[in-house]
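Q: sequence and computational prediction follow.
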Amino acid sequence: MLGDGRHAVEMIREREPGFLILDLMLPGKDGLTICREVRQFSTVPIMMLTAKVDEIDRLIGLELGADDYVCKPFSPREVVARIRTIQRRLQQQYRQPTAGSELRYRDITLALEKYQCSVEGQRIELTPVEFKMLRGFVSQPGRVFSRDQLMDMAYTDERVVSDRTIDTHVKNLRRKLSRSGTEEAQIQSIYGVGYKLE
């Protein structure tokens, strides 16, 4: 546990932890800044803790790559349960067989056993939630997924998240794919229904 955020990123880079819990209001360097910097080199699961309950704060956390978000006051049991759920999902993903472990669509390649995404050989850093959503799109290109279907795809612990949360994840995926230079595969909005990959 580290009570000061100033040296957090350096320690995370050196020790490579399996899970991060970041308080939004850490002294020295706040949790959102740490989250943004960690996402530049790691896909480690990140949970944000905060006393701020405004929706904009939650959305900012998701946009920067946080996997979950818990508002104070909270039950320690709830936090532990959420951590275990995320860890179970990752263990299931890493147990996938290596045979046929790549998905390809146009210029997108997903290495399922490594949880990695690339466009024309260029690596793209995705959060676990973003990767699962893109895996669904790539596995069934042209299919329209509703927000509820994307929610079930991304969150296997049956938690309830808002439509805005799903929209934020899709927006992040679009931005990352766009930055990679892909012109072939695009996530399109289908008004009143959901999203599809073309």
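A: Yes, it's here. Keep in mind it's a predicted model, so treat the numbers as computed, not measured.

Q: where exactly do the strands run in the chain?
A: In the chain, the strands defined using DSSP state E lie at 20-23, 46-50, 68-71, 102-105, 108-111, 116-119, 122-124, 145-146, 187-190, 194-197.

Q: partners of residue 70 in the sheet?
A: Beta-bridge partners of residue 70, counted by DSSP bridges, are residue 49.

Q: what about it, neighbour count?
A: 15 (other Cβ atoms under 10 Å). C-betas here are computed from N, CA, C, even on glycine.

Q: do you know how far it is from residue 164?
A: 17 Å (Cβ to Cβ, to the nearest Å).

Q: per-residue pLDDT of the most centrally placed residue in the chain, please?
A: Nearest to the mean C-alpha position of the chain, counting by Cα atoms, centre = their mean, stands residue 127 at 2.9 Å. Reading off the confidence values, residue 127 has pLDDT 87.

Q: go on, residue 86?
A: Value for residue 86, per-residue pLDDT: 68.

Q: do the same with residue 135
A: 91.

Q: for it, which non-adjacent residue is closest in space?
A: Among residues not flanking residue 135 along the chain, residue 110 sits closest, at 5.8 Å (Cβ to Cβ, 6 or more residues apart in numbering).

Q: the one you found against residue 119, yeah?
A: No. Between residue 110 and residue 119 there is no contact under Cβ atoms under 8 Å: 10.4 Å.

Q: list the residues that contact the residue nearest to the residue nearest to the centre of the chain when sequence neighbours are not counted.
A: With Cβ to Cβ, 6+ apart as the criterion, residue 127 has its nearest non-adjacent residue at 5.0 Å, and that residue is residue 65. If you count contacts by Cβ atoms under 8 Å, 6 or more residues apart in numbering, residue 65 has them with 35, 36, 38, 39, 46, 127, 172.
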